[in-house]
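1. below is the sequence, then the predicted model.
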Amino acid sequence: MLKLFASTAYGSHHLTPAIRSNPVNSLLFKSLTQLTGWNRSTYELGLRAFSSESDSDTKSSAAIVSTKPCLDDCLTVIALPLPHKPLIPGFYMPIYVKDPEVLAALQESRRQQSPYAGAFLLKDDASSDSSSSSETENILEKLKGKELLNRIHEVGTLAQISSIKGEQVILIGHRRLRITEMVTEDPLTVKVDHLKEKPYDKDDDVIKATYFEVMSTLRDVLSTTSLWRDQVRTYTKACPPRLWHCLRHIGDFNYQKLADFGAGISGANKHQNQGVLEELDVHKRLELTLELVKKEVEINKIQESIAKTVEEKFRGERHRILLKEQLKAIKTELGVETDAKSALSEKFRGRIDPIKDKIPEHVLKVIEEELKKMQLLEASSSEYYVTSNYLDWLTVLPWGNSSDENFDVSRAEKILDEDHYGLSDVKERILEFIAVGRLRGTSQGKIICLSGPPGVGKTSIGRSIARALDRKFFRFSVGGLSDVAEIKGHRRTYIGAMPGKMVQCLKSVGTENPLVLIDEIDKLGVRCHNGDPASAMLELLDPEQNANFLDHYLDVTIDLSKVLFVCTANVIDTIPGPLLDRMEVISLAGYITEEKVQIARDYLEKTAQRDCGINPEQVDVSDAALLFLIEKYCREAGVRNLQKHIEKIFRKIALKLVRKGASLEVPENSDDVTDAEDSKSLAKTDLESPETSAEGPTVLTDELATGDSTERKTEQSLVVAETVEKFMIDESNLADYVGKPVFHAEKIYEQTPVGVVMGLAWTSMGGSTLYIETTSVEEGEGKGGLHITGRLGVVMKESAEIAHTVARRIMLEKEAENQFFAKSKLHLHVPAGATPKDGPSAGSTMITSLLSLAMKKPVRKDLAMTGEVTLTGRILAVGGVKEKTIAAKRSGVKVIIFPEANRRDYDELAENVKERLDVHFVDEYDQIFELAFGYDH
Ligand SMILES: Nc1ncnc2c1ncn2[C@@H]1O[C@H](COP(=O)(O)OP(=O)(O)OP(=O)(O)O)[C@@H](O)[C@H]1O
């Protein structure tokens, strides 16, 4: 690019303040400082000096510079080294002269009316690659005499000393010179020859063409680049720089001037410029210039395109910023943000306005405050999000909205019977509860706890109660729950805070009097760093406290007193005391086989049929099959496992039906007859139906043989569905559906041998039978010890020792001569050895077993007993009478011995459970002795 100030060597110089302040010149200055290292003051100084000089020159002469004395007389000149660029004739250049002797000599020559010097470009130092301007200046200072002569180019410029200000000397180039010899060393003065251009033919076509090409290239550049135009203006003193003006001035240049001008204003480096300076052949000089100018044009183009791209980028960015700002302004003007907020608060108001009088005052106050706060918050802030969420919860709750409760006892009874078989005592208790509700007008203030083994219908009965009362139903499990926040919610300050289960329940049911079933309350987690879940549950369930239940998230108290809580538990021992105290426990003991058969027939089968999409006429499960299923596969107290097995049977039937249907739809070709035959064979084994076995398959086979249209095929599948074939499930083919039986008879012995007696036990899974076995290990003097096995707990072990003592006493009383206990070492075992057992209720069974061994007499057939024994032989009450009775019945027991204290429990049992049982109630062991051994074979 352009690096030098163009001056008016061929006319007067006018560098006015306007020119200096011109942005182009300021750009030039930048370029110049980059190239030469001059600072701004130097630049301005040069301009001023040159300006005043030129003014005087203009006045004194119309020539470019004063030519007194005649230029041709200047044959000996002071040689000034130029560090950065040669001085092209017609241009001016400021330089610094540090050597005082040289400065003095220059000033002297000015005074003598010979203000000329020779300006020669310094050659590159081959030994040093340093090219920084400061270092070059240093070299210049050191170089003197011959050394300096050797380092400067031979060809230079005769330069007029325009001004000297301090160390700064402004030179204006005039002619080309060549050094011929050195005159003085310090300052370096040389003799020079004035060089003249070689003669050329002005009309030569080639030179002319080159001249015009340079001219046209310069004009192109000038017409596109204002920067170059300014160069011309400073060069030609044309002001203002109109295009036509510039172009006209260039047109005035002769060949050599144009070549020098082009080279001077181009951004060529010092070597290229030196080349132009040394070239005396005008045509060649023009060619060199043309090359430089063309190169300049290309660089210019690239530069302009880069500038354009950058400009566009900036413009795009500016545009985007502008658009963003405009959008923001429009949004604010239209109040879009405010609109979103208003819409939200409208939504919340729409929820609360119709029920304002039902919302408690303290809640309404909080809602209003939060609504106001929301309006003031920035919509994008997290605080806004928290507040709107909070308001959402507060306004969505069913304030004052209750479902109408139905206290119709007979309707409730119908519903309970519809959903559940048996459970008459449970149903009775529920009906009592509903009746009380009817009299009081409300059923609040009660917590029902349904306890019993798994699968006995606790959850489903809870659902039925809700249906009977016409209350909404919500269920959640607290098994393993240890985080209080699950019940009472998180504080709003936490990220992702949520209200507790109860508030979520109210939101989901939409009424404030639902029936909430809390499952697994006996498995509530223990107190930990997250709080005490038992206390939180108490706060939730206690009718005294829950009218003002405080959820951490809601932060306002809510009334839960209208909620009916029903809890379920497998055992009540693990329910926290204060909670249990407030509950009304209803226990569901489990079902006997007959009950299970009924449940299976009337409920489970029907549900499974419906769920599998099977018509009732398509399946027939025989009574024997059902009984076999219950006794050999599903012995547990509940019916969940039975339900699973029945579902399994129906799923298998569904698959068979579908397979059969699919085989009937396929037969495009008659090869598929095998499938049809398969179905026939199936009909022979599993399926039996008078109409279908006779007609159904025949019809199908006929259809298959001729089946060609799709319509027919559709009809066929309908026929298949309609021509039902009955799947007969009985004892013989049950295993095909549910696999091999899992249980074998609980009874190990048909007739218990000597030393073995059947006891009764209770577990959280229901009741069961167990054997107490005793045998003597050794007989002889000094024995009498007892060895106990069977994973027995401390209480049961103690119970065995008591039994041993009591048995010895009784033996002494009954048969004094019998020395068995005194002489024998005994072993007592309770199978199954892998199951841990504990409790005192096997005491009576153990004594009987030991006595049987001592007397070598087995107990009577089909006998089972239970009862804790004291050392004096008194029989104490036990728990789980119903479960134990059911278990005994299941095992084919006919005679049961219970403690007298349990008579009431037994009497409460349903008649069907007590059927065909010979039950005895005892309070002394002697009575058991009579019952067990006083029989005649
Ligand atoms: N007496 C009954 N009459 C009809 N169906 C019953 C009866 N008892 C239980 N069921 C059925 O047995 C299935 C299991 O019952 P449910 O889930 O209520 O048992 P649960 O006692 O709550 O068990 P868990 O303690 O494991 O939760 C349900 O499908 C239920 O309808």
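-> In hand now; what should we look at?
2. number of residues surrounding residue 362?
-> The number of residues packed around residue 362, counting by other CB atoms under 10 Å, is 10. (Each C-beta comes from the backbone N, C-alpha and C, glycine too.)
3. that one should be in a helix, yeah?
-> Yes - membership of residue 362 in a helix is supported by DSSP: H, G, I helix; E, B strand; the rest coil.
4. okay, it and the ligand: tell me how far apart.
-> To the ligand, residue 362 is 38 Å away according to CB to the nearest ligand atom, to the nearest Å.
5. if I pick that residue, what's in contact with it?
-> For residue 362, the contact set (CB atoms under 8 Å, 6 or more residues apart in numbering) comprises 556-557.
6. show me the shaky parts of the stretch 101-250 of the chain.
-> Across the stretch 101-250 of the chain, residues meeting the criterion (pLDDT under 70) sit at 125-141, 223-250.
7. whoops, I mixed them up, the stretch 301-450 of the chain
-> 328, 331-339, 442-445.
8. tell me where it has helices.
-> Along the stretch 301-450 of the chain, the stretches classed as helices by DSSP state H, counting those that start in this stretch are 336-352, 361-376, 382-396, 409-419, 424-440.
9. of all those helices, which lies closest to residue 215?
-> Taking CB to CB as the criterion, helix 336-352 is the member of the helices of the stretch 301-450 of the chain that comes nearest to residue 215, at 63.3 Å.
10. related to what we said a few turns ago, would you turn the helices of the stretch 301-450 of the chain into CSV with distance to residue 742?
-> As requested, the helices of the stretch 301-450 of the chain are arranged in CSV below (distance: least, CB to CB, whole Å):
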stretch, distance to residue 742
helix 336-352, 56
helix 361-376, 57
helix 382-396, 50
helix 409-419, 29
helix 424-440, 29
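11. quick one: closest of the ones you listed to residue 614.
-> Checking these against residue 614 by CB to CB gives helix 409-419 as the closest, at 21.5 Å.
12. in this protein, which residue is closest to the centre?
-> Closest to where the C-alpha atoms of the chain average out (CA atoms, centre = their mean) is residue 496, at 12.9 Å.
13. residue ranges with poor pLDDT in the stretch 601-750 of the chain?
-> 662-725, 743-748.
14. show me the contacts for residue 201.
-> Listed by CB under 8 Å, 6+ apart, the contact partners of residue 201 are residue 207.
15. ok but it is inside a strand, no?
-> No - for residue 201, which was evaluated using three-state DSSP, the result is coil, with no strand membership.
16. quick one, what contacts residue 563?
-> For residue 563, the contacting residues are 444, 502, 512-516, 546, taking CB under 8 Å, 6+ apart as the criterion.
17. for residue 393, state which of these is nearest.
-> Compare each of the contacts of residue 563 with residue 393 using CB to CB and the shortest gap goes to residue 502, at 12.3 Å.
18. does the closest one sit in a helix or strand, and which one?
-> Using DSSP states H and E, the secondary-structure element containing residue 502 is helix 501-509.
19. what ranges does the stretch 751-900 of the chain have for its helices?
-> With DSSP H, counting those that start in this stretch as the criterion, the stretch 751-900 of the chain has helices spanning 794-814, 820-823, 843-855, 881-890.
20. which residues sit against the third one?
-> What it means is helix 843-855. Here helix 843-855 makes contact (CB under 8 Å, 6+ apart) with 754-759, 772-776, 799-800, 802-804, 806-807, 810-811, 815, 818, 820-821, 826, 828, 858-859, 865-869, 875, 897, 925, 928-929, 932-933.
21. secondary structure class for the residue in the stretch 151-300 of the chain that the ligand sits nearest to?
-> With CB to the nearest ligand atom as the measure, residue 299 is the residue of the stretch 151-300 of the chain nearest to the ligand, at 88.2 Å. Following three-state DSSP, we place residue 299 in the helix state.
22. before we move on, what about residue 216?
-> The assignment at residue 216 comes out as helix when based on three-state DSSP.
23. now it: how far from residue 276?
-> Noted for residue 216: a distance of 19 Å to residue 276, by CB to CB, to the nearest Å.
24. neighbour count: these two, which is higher?
-> residue 276 (24 against 10).
25. the more buried one touches residue 286, doesn't it?
-> No - taking contacts as CB atoms under 8 Å, residue 276 lies outside contact range of residue 286: 9.8 Å.
26. joint contacts of the two?
-> Residues within reach of residue 276 and of residue 286 at once, by CB under 8 Å, 6+ apart, are residue 259.
27. wasn't residue 124 part of a strand?
-> No - the assignment for residue 124 by three-state DSSP gives coil, which leaves it out of any strand.
28. okay, now it: neighbour count?
-> Residue 124 is surrounded by 13 other residues when neighbours are defined as other CB under 10 Å.
29. who's in contact with the residue of the stretch 551-700 of the chain found nearest the ligand?
-> Of all residues in the stretch 551-700 of the chain, the one sitting closest to the ligand is residue 603 (3.8 Å; CB to the nearest ligand atom). If a contact means CB under 8 Å, 6+ apart, then residue 603 has 419-421 as its contacts.
30. repeat the analysis, applying 7 Å as the threshold.
-> residue 421 (CB atoms under 7 Å, 6 or more residues apart in numbering).
31. ok, residue 403 to residue 466 distance?
-> Relative to residue 466, and taking CB to CB, residue 403 is found at 10 Å.
32. which of the two has more neighbours?
-> Neighbour tally, residue 403 and residue 466, criterion other CB under 10 Å: the higher count belongs to residue 466, 21 against 17.
33. what does the stretch 301-450 of the chain put close to the ligand?
-> Neighbours of the ligand within the stretch 301-450 of the chain, by CB under 6 Å from any ligand atom: 420-423.
34. highest neighbour count among these?
-> For those, the largest number of neighbours (other CB under 10 Å) sits with residue 423, at 25 neighbours.
35. show me what contacts it?
-> Residues in contact with residue 423, defined by CB under 7 Å, 6+ apart, are 457, 461, 588.
36. kindly report the same for residue 788.
-> 797, 800, 828.
37. re earlier: distance to residue 159 for the residues of the stretch 301-450 of the chain next to the ligand - can I get that in CSV?
-> Written out in CSV, the entries for these read as follows (distance: CB to CB, whole Å):
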residue, distance to residue 159
420, 123
421, 127
422, 128
423, 125
